[in-house]
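**Student:** Structure of the sequence below:
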Amino acid sequence: MHVTHLSLADFRSYARAEVPLGPGVTAFVGPNGQGKTNLVEAIGYLATLGSHRVASDAPLVRMGAERAVVRAQVRQGERQQLVELELNPGRANRARINRSSQVKPRDVLGIVRTVLFAPEDLALVKGDPGERRRFLDELVVARSPRMAGVRSDYERVLKQRNTLLKSAALARRHGGRSMDLSTLDVWDQHLARAGAELLARRLDLVAVLQPLADKAYEQLAPGGGPLALEYKPSAPGGAHTREELFGQLMTALAEVRKQEIERGVTLVGPHRDDVVLRLGRLPAKGYASHGESWSYALALRLASYDLLRAEGNEPVLILDDVFAELDTRRRERLAELVAPGEQVLVTAAVDDDVPHVLAGTRFVVSDGAVERV
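**Tutor:** Predicted coordinates for the structure are as follows:
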């Protein structure tokens, strides 16, 4: 699968942009702040319905504009599709596939698949658990787009349940009557059901990702491993099937209900889980050097790429200003690993940051203009 054309309207710094693309390596080169990352961010948005740089859509809309449009022509084998997203901050986004307006934004998931390397990936190793949960969930959805609905259902139920718990906690603190919490049992069921499905997918993902990540780390930093991923659920119990996980979550929710009512927040569930990343016998967070942390983050992305490719639909590989962060040895090894990809998009401040093995199409990006050289 590869993108053959990217069109932007009022996205980030671009009033308009038309960028023809093809298979193989394409590099966007230009000084920082000129809009290189905006181009690959747009493709990543089509794949995930989110940005790897910001949490909301508002910063993605050009200053002074009401909405932004991202459109891409995508080829998979002999099949071509046109996918379009209209970003409307504060209102519902809109989507079109092959110019049909009768689709939801979630329906575009799976048409474009990406694996994106960026400087922000260091947070996978050094950041808080939310970064690692997001990494897992985005990959879960990339493997099975329908899981976007499960993830959305879980987040909706969690929000409703937290609202009920917060109201109960405030009532207790202010000496008011105890609230009727009979509906909490219903929310527990909904939370545990959606949570069990999400948790089952995460556990399966960690199991298949582990050997791929260990292999990728060895390729990037020979002799530096081994690397291990350990999923740490907030509701421990060792369950694996969906029904077992449902029961495990229901039991855990019952055990912490008193504390939840006192604190006004849901204390167990996939939203509280983490993945411990180990390098050798020690957790990478807090012990790995800067170079080791970078190699670990890159290994996770390479493992994601290998997994998606093995499952039959090779993703677009995006390397956003990554090579400038690496020493010469890691730079060359990474370039050799990704060069055979069907479509590889690279951003760099200067030509020298792009390894020779990634020679291909070049675009110069300057002052909002994208010109092929």
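**Student:** hey, let's count contacts and neighbours off CA atoms from now on
**Tutor:** Noted.
**Student:** any idea which helix or strand comes after the strand or helix carrying Val125?
**Tutor:** Assigned by DSSP states H and E, Val125 falls within helix 123-126. Next along the chain after helix 123-126, taking DSSP H and E as the criterion, comes helix 129-143.
**Student:** what residues does that next one touch?
**Tutor:** Applying CA atoms under 8 Å, 6 or more residues apart in numbering, the external contacts of helix 129-143 come out as 47-48, 109-110, 113, 123-125, 147-148, 151, 201-202, 205, 271, 273-275, 304, 308.
**Student:** Same check on stretch 151-159?
**Tutor:** 137, 187, 190-191, 194-195, 198, 266.
**Student:** Can you add distance to Val354 and give these back as JSON lines?
**Tutor:** Below are the contacts of stretch 151-159 laid out as JSON lines (distance: CA to CA, whole Å):
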{"residue": "Asp137", "distance to Val354": "30"}
{"residue": "Trp187", "distance to Val354": "52"}
{"residue": "His190", "distance to Val354": "49"}
{"residue": "Leu191", "distance to Val354": "47"}
{"residue": "Ala194", "distance to Val354": "44"}
{"residue": "Gly195", "distance to Val354": "42"}
{"residue": "Leu198", "distance to Val354": "38"}
{"residue": "Thr266", "distance to Val354": "47"}
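**Student:** top of the residues you listed by neighbour count?
**Tutor:** Gly195 (27 neighbours; other CA atoms under 10 Å).
**Student:** show me the contacts for that residue.
**Tutor:** Taking CA under 8 Å, 6+ apart as the test, what Gly195 contacts is 154, 246, 249, 269-270.
**Student:** The helix or strand where Ala303 lies: what's the following helix or strand?
**Tutor:** Using DSSP H and E, Ala303 falls within helix 290-310. Next in sequence after helix 290-310, counting helices and strands by DSSP H and E, comes strand 316-320.
**Student:** average pLDDT for the helix or strand following that next one?
**Tutor:** Next helix or strand after strand 316-320 toward the C-terminus (DSSP H and E): helix 328-338. Taken as a whole, helix 328-338 has an average pLDDT of 91.
**Student:** how much does helix 328-338 deviate in direction from strand 316-320?
**Tutor:** Angle between the axes of helix 328-338 and strand 316-320 is 160 degrees (criterion: axes from the mean of the first three to the mean of the last three CA atoms, to 10 degrees).
**Student:** Pull the most distant pair out of the contacts of stretch 151-159.
**Tutor:** Farthest-apart pair in the contacts of stretch 151-159 is Asp137 and Trp187; separation 22.0 Å (CA to CA).
**Student:** For the contacts of Gly195, give me TSV that also has pLDDT and distance to His290.
**Tutor:** As requested, these are exported to TSV (pLDDT from 0 to 100; distance: CA to CA, whole Å):
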residue	pLDDT	distance to His290
Tyr154	98	35
Phe246	97	39
Leu249	97	37
Gly269	97	31
Pro270	97	29
